[in-house]
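Colleague: Generate coordinates for the sequence data below:
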Amino acid sequence: MMQPLVAILDDEPEIRRMLAQALCDAGFRTATYARAAEFEAALKRSAPDVCLVDLGLPDRDGLALVHRLALESGATIIIISGRAQVQDRVTGLELGADDYIIKPFDPAEVVARIRARLRRGRNAVGAAPDTARFNGWTAHFERYLLVSDAGAEVAFSHAEGEVLRLFLDSPKRLITRAQMQESLGGMAGESFDRAMDVRISRLRTKLGEDPRNPRLIKTIYGAGYIFLGDVVWG
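Modeller: Below you'll find the model as predicted:
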């Protein structure tokens, strides 16, 4: 079986070399890029399994690139950045990143985070089919697409898909914040909570929910969330 491909986008040669070496030693394939333009051109030829993206790029706003990747790519997206403020981390996660690693970092931590993300993805795929029908919608996880019974199509990001799958796997059961953190990983504490709030809000919007009185994804204040739909997998 071909090893996962990790795309590394960072304008610092030493960081690219360090990450590529650590990942190759761990059995991954790698491709490195110094500019967003060459990275985006490469995406038209091959689809990486993981994208490591620096926010401080010389030719493109890193956050805008992360947002585009989240909407158009099925890859796991991990930000690597020297921006350590909580708001920077929250913004990155809100725009669709799956994880956020602050510079300077230990390459072994990056390898561990990538392995954890890919392992969660494999477990999710193995646990259920890639298509689920519920309340007038069909979710196609392999295409990151929601299709209504009327034929309307709405794309969702990899990060939003993780949350949606979590709900569809456990309909009509309370899912606590602690359970979400354990299942989805990533940042902890306030950063994780705010990122989840945004992702759930976006899912509600894409499902046509009334934000003041959602029918499908109910907030149980102080406890967590309940998905009230009737779900059929496959």
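
Colleague: from here on, contacts and neighbour counts on C-alpha atoms
Modeller: Fine.

Colleague: Show me what the host helix or strand of R133 is packed up against.
Modeller: Following DSSP states H and E, one finds R133 within strand 131-134. Using 3 or more C-alpha pairs under 8 Å, 6 or more residues apart in numbering; DSSP states H and E, the elements in contact with strand 131-134 are strand 137-140, strand 231-233.

Colleague: Surely I175 touches G222?
Modeller: No: in this structure, I175 is not within contact of G222 by C-alpha atoms under 8 Å, at 11.5 Å.

Colleague: So for those two, which residue has more residues nearby?
Modeller: Counted by other C-alpha atoms under 10 Å, I175 and G222 do not tie: I175 has more neighbours, with 19 against 8.

Colleague: Give me the distance from the strand or helix carrying the more buried one to the chain's centre.
Modeller: Using DSSP H and E, I175 sits within strand 174-176. Offset of strand 174-176 from its chain centre (C-alpha atoms, centre = their mean, to the nearest Å): 20 Å.

Colleague: Quick one: name whatever helix or strand follows that strand.
Modeller: helix 177-184.

Colleague: May I see the buried residues of that next one?
Modeller: R177, M180, Q181, L184 (16 or more other C-alpha atoms under 10 Å).

Colleague: for those residues, which one is nearest P48?
Modeller: Distances from P48 to the buried residues of helix 177-184, taken as C-alpha to C-alpha, are shortest for L184 (20.6 Å).

Colleague: how close does the most far-flung residue of the chain relative to its centre get to V66?
Modeller: Centroid-distance maximum for the chain: A150 at 27.6 Å, with C-alpha atoms, centre = their mean. To V66, A150 is 31 Å away according to C-alpha to C-alpha, to the nearest Å.

Colleague: what do you get for M196?
Modeller: 17 Å.

Colleague: For the two, indicate the residue with more neighbours.
Modeller: Counted by other C-alpha under 10 Å, M196 and V66 do not tie: V66 has more neighbours, with 25 against 22.

Colleague: in which helix or strand would I find the more buried one?
Modeller: Counting by DSSP H and E, V66 is part of helix 62-72.

Colleague: buried stuff in that helix?
Modeller: Quick answer for helix 62-72 (16+ other C-alpha under 10 Å): G62, L63, L65, V66, H67, L69, A70, L71.

Colleague: nearest to T205, of these?
Modeller: For the buried residues of helix 62-72, the nearest to T205 is L71 (15.0 Å; C-alpha to C-alpha).
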